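Q: Next comes the sequence, and after it the predicted model I'd like to discuss.
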Amino acid sequence: MNTVGVILAAGSGSRTGLSTPKQFLLLGGKTVLEHSVQTFCNHPGIDQVVIVTAPEFMEKVHDMVKANNWTKVTAVLAGGKERYDSSMAAVRHFSAHPDMVMLFHDAARPLVSERIITDALKAMETYNAVDVAIPSVDTIVQCDAAGAVMESIQNRSLLWRMQTPQGFRQNTIAKAYEIALKDPQFTATDDCGTVLRYLPDEKVGIVRGSERNIKLTYADDLSLLEFLLSIPER
């Protein structure tokens with residue numbers, strides 16, 4: 001087994017303002033998490049799937065695995081307080097497989113497509129790290145720390161909006177975090193950012209994402225996801 005989909009589902013989803021963590025909200029009759037996991041389980045290029053969730057939800061996720069007969073799911077792992085804690089749980093789980101291709105995907109992006117996963121796996125034949133992203137259609141401004149004054153306008157043609165999955169060889173992401181966790185100034189944004197900062201000689205490839213591959217962040221996003229779910233992807 002050379003490829004694994006790592007579904008990151010340990011977040012509290014506090015920004016939605018709802019009492020239920022966003023990965024367990026219903027979308028089209030299934031939970032958001034079920035949509036994400038099912039797409040990876042259905043993909044012929046994914047050999048296995050692991051789900052990383054908060055310790056208090058591990059039993060719930062195990063029940064979900066059984067109910068959906070997800071035979072590709074080989075482990076449910078306990079995540080941590082920070083996002084990188086959850087990523088590291090998966091990285092350590094596969095420490096004996098340094099050449100493993102790992103696709104890290106936010107459970108809160110339930111409309112990830114087979115095409116995106118296929119393209120990410122294809123890119124991993126060239127790079128040791130890849131990110132799914134889409135070009136920015138908005139002009140991006142840089143402000144001061146207080147967010148009160150505009151300081152500069154960025155070149156939009158060079159700016160892309162990051163999505164997931166993000167792909168890595170196990171030994172690449174493991175090495176990046178090994179260095180990062182020794183840095184007292186380390187603040188994680190995402191896994192690709194860690195590779196970019198701590199393995200500067202490692203090129204991070206870009207895979208074209210999709211406007212449908214949005215992240216459920218706020219409660220209103222659920223209505224948009226319901227609408228997109230009702231429209232077949234072109």
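A: Good, I have the coordinates. Everything numeric here is computed off the predicted structure, so don't read it as measured data.

Q: When you work out contacts or count neighbours from here on, use the C-alpha atoms and nothing else.
A: Fine.

Q: Ala75 versus Gln38, what's the distance?
A: 15 Å (Cα to Cα, to the nearest Å).

Q: Which residue ranges of the chain form helices?
A: 32-42, 58-68, 83-93, 114-123, 170-180, 191-198, 221-229 (DSSP state H).

Q: how about those, which one is nearest Val49?
A: Across those, Val49 has its closest neighbour in helix 32-42 (6.8 Å, Cα to Cα).

Q: just the angle between that closest one and helix 58-68, please?
A: For helix 32-42 against helix 58-68, the angle by axes from the mean of the first three to the mean of the last three Cα atoms, to 10 degrees is 50 degrees.

Q: If you count neighbours, what's buried in helix 32-42?
A: By neighbour count on 16 or more other Cα atoms under 10 Å, the buried set for helix 32-42 is Val32, Leu33, Glu34, His35, Ser36, Val37, Thr39, Phe40, Cys41.

Q: and it, what other elements does it pack with?
A: Counting contacts by 3 or more Cα pairs under 8 Å, 6 or more residues apart in numbering; DSSP states H and E, helix 32-42 packs against strand 3-9, strand 48-53, helix 114-123.

Q: so the residue nearest the centre of the chain bridges to which residues?
A: By Cα atoms, centre = their mean, the chain has its centre lying nearest to His105, at 2.6 Å. His105 forms beta bridges with Ile7, as assigned by DSSP bridges.

Q: Walk me through the regions of this structure where pLDDT falls short of the threshold, as ranges.
A: Residues of the chain meeting the criterion pLDDT under 70: 1, 12-17.

Q: Contact partners for the residue lying farthest from the centre of it?
A: Distance from the centre of the chain peaks at Val149, with 32.0 Å (Cα atoms, centre = their mean). Listed by Cα atoms under 8 Å, 6 or more residues apart in numbering, the contact set of Val149 reads Cys143.
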